[in-house]
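1. what follows is a protein structure lacking sequence information:
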C-alpha cells in the first residue's frame with residue numbers, strides 16, 4: 001500500500017527551496033539509468049509522479065541543472081540538491097525526488113526503469129521492472145500502471 005498524507009511538504013537539504021504536493025501520486029518509481037545514478041550520486045533515483053496542478057514550489061527559486069535539454073531537472077541553487085524533474089512532453093506531471101518529502105516512508109517504488117543499467121547488487125522491491133521504459137499502451141504501459149498503482153494505493 002502506498003500512502004502520502006496530503007498536503008505533503010518537503011525541502012532540499014538546506015531548506016531554502018520548499019515544495020508542496022496537494023494531489024495524490026500517480027506512480028512511484030526507481031530509475032537505474034546511468035544519468036540518474038550520476039545525478040543522485042547513488043545506485044538509482046527515486047521519484048513520485050504527481051499532477052502538475054498538485055505541485056508547487058512554496059519557497060525559494062530552484063534552478064535548472066543536470067541536462068539542459070527539453071527535460072528539465074530542478075535543483076536548489078544553494079545546496080544543489082536535485083529536487084524534481086519536468087519530463088519533456090509531459091507538462092501535466094512532475095517527478096518529485098521522493099526523499100525531498102518530509103514523510104517518504106509510504107512511497108516505495110511501484111515500478112523500476114532502466115534495469116539494464118542496474119547495479120547487480122541492487123534490489124528495490126518494485127512490483128514491475130522494465131529494461132528501459134514502459135510502453136505507452138496496454139496493461140504494463142503508463143496508463144495501465146497508473147491505474148494499477150491507484151488501485152493498490154487505496
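-> Okay, I see it. Bear in mind that the values here come from a model prediction, so they are computed numbers and not experimental data.
2. buried stuff in stretch 12-30?
-> By neighbour count with 16 or more other CB atoms under 10 Å, stretch 12-30 contains the buried residues 12, 16-21, 24-30. Every residue, glycine included, has its C-beta placed from N, CA and C.
3. and that stretch, how far out from the chain middle?
-> Stretch 12-30 has its C-alpha centroid displaced from the chain centroid by 8 Å (CA atoms, centre = their mean, to the nearest Å).
4. average model confidence for it?
-> Average pLDDT, stretch 12-30: 97.
5. would you map the helices across this structure?
-> For the chain, the helices defined by DSSP state H cover 34-40, 142-153.
6. to residue 96, which of the ones you listed lies closest?
-> Closest of the helices of the chain to residue 96 is helix 34-40, at 13.3 Å (criterion: CB to CB).
7. what's the closest one in contact with?
-> Outside of helix 34-40, the residues within contact range by CB atoms under 8 Å, 6 or more residues apart in numbering are 43, 44, 45, 66, 67, 73, 82, 97, 114, 117, 119.
8. how about the strands of the protein, start to end?
-> Counting by DSSP state E, the segments of the chain that form strands are 8-11, 18-21, 27-31, 45-51, 55-59, 63-68, 72-75, 82-86, 93-97, 111-113, 128-129.
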